[in-house]
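# Sequence and predicted structure, then a few things I'm wondering about:
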Amino acid sequence: MLTAIKSAAIWFGITSLTVLLFLVCLFLSIILFPFDRKGKIVHRQCFWWARGIINLNPFWNVTVTGLENIDPNETYVIVANHQSLADIVVLYETRAQFKWVAKQSLFSIPFIGWCLSLCKHIKLERGDLGSIKKVYREAADWLRRDMSVLFFPEGTRSTDGEIGEFQNGAFKLAIKEKKAILPISIKGTTEAIPKGTWLFRTKVYGIVDVHKPIPTTQFEIRDFERLRELARAQLV
């Protein structure tokens, strides 16, 4: 009974924070449109949202290391492994400015999906070649505008916590645009969001580790596989 009460309170808190985030982002998007074309101020609102969710959930303990490896004056192609939907929350703890590449269906979820649109994140329709090409065009445009882009190069969430094989696109893009790869490893979030139940039962110790950037200026496009495996080796 106590678990059910705690879980209900947590979900109520998450929902309330998300609705509030949407209202704040909508308001700021309207009044700051001429001055915040990159959506940096709107994106920054997700920081307090993420911190609020982590603080109100007694089942979550999140540690972030390696923040000194993020230079706020640099633009990166960020690559992170993907364990659960909670990764969206914990990655905001890096306080980095970036645009996600996220599957299109997430943008349709009330409030949180609307926030993704207001923050100008990048939509991906899986299996649609036209959508994939559009994603890389948008990502290249953001990089040229000095905005980092975050990819989950596994392409989907891991079901067992192990890191899968990486897809190639993010690494080809980084070489082409001459932007460093910023690897971020996520551990311990596989059980953060309950599966098949709304009850929180498992204590989660999430670790977000920001690794040193990998410069790409010495790579040619044909070297993308070497860059890909170099980045993956840091996350495994």
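Now that the structure is in, tell me what you want to look at.

# Mind listing what's buried along the longest helix along the chain?
Longest among the helix segments of the chain by residue count, using DSSP state H, is helix 2-31. Residues of helix 2-31 classed as buried by neighbour count (16 or more other C-beta atoms under 10 Å): 6, 7, 10, 14, 17, 18, 21, 22, 24, 25, 28, 29. C-beta coordinates here come from the backbone N, C-alpha and C atoms, glycine included.

# which of those sit farthest apart?
The widest separation within the buried residues of helix 2-31, taken as C-beta to C-beta, falls between 6 and 29 and amounts to 34.3 Å.

# quick one, helices of the chain?
Listed in chain order, the helices found in the chain under DSSP H are 2-31, 40-56, 86-91, 112-118, 129-144, 169-177, 224-235.

# Run through who's touching the third one.
If I follow you right, that is helix 86-91. 50, 53-54, 60, 62, 64, 80, 100, 150, 152, 184, 186, 189, 192-193, 204, 206, 208 (C-beta atoms under 8 Å, 6 or more residues apart in numbering).

# what does the second one give?
Helix 40-56 is touched from outside by 10, 13-14, 17-18, 20-21, 24-25, 28-29, 32, 36, 60, 62, 89-90, 92-93, 95, 97-98, 115, 118-120, with contacts defined as C-beta under 8 Å, 6+ apart.

# Alpha carbons of it, as PDB, please.
These are the backbone C-alpha positions of helix 40-56, laid out as PDB (Å, rounded to 0.1, in the frame of the first residue of the first chain):
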ATOM      1  CA  LYS A  40      18.700  28.200 -25.700                       C
ATOM      2  CA  ILE A  41      16.600  29.900 -23.000                       C
ATOM      3  CA  VAL A  42      13.700  27.500 -23.600                       C
ATOM      4  CA  HIS A  43      16.100  24.500 -23.500                       C
ATOM      5  CA  ARG A  44      17.500  25.800 -20.200                       C
ATOM      6  CA  GLN A  45      14.100  25.400 -18.500                       C
ATOM      7  CA  CYS A  46      14.500  21.600 -18.900                       C
ATOM      8  CA  PHE A  47      17.300  21.800 -16.400                       C
ATOM      9  CA  TRP A  48      15.100  22.600 -13.400                       C
ATOM     10  CA  TRP A  49      12.500  20.200 -14.700                       C
ATOM     11  CA  ALA A  50      15.000  17.300 -14.700                       C
ATOM     12  CA  ARG A  51      16.400  18.300 -11.300                       C
ATOM     13  CA  GLY A  52      12.900  18.500  -9.900                       C
ATOM     14  CA  ILE A  53      12.000  15.000 -11.100                       C
ATOM     15  CA  ILE A  54      15.200  13.500  -9.700                       C
ATOM     16  CA  ASN A  55      14.700  15.300  -6.300                       C
ATOM     17  CA  LEU A  56      11.100  14.200  -5.900                       C
END
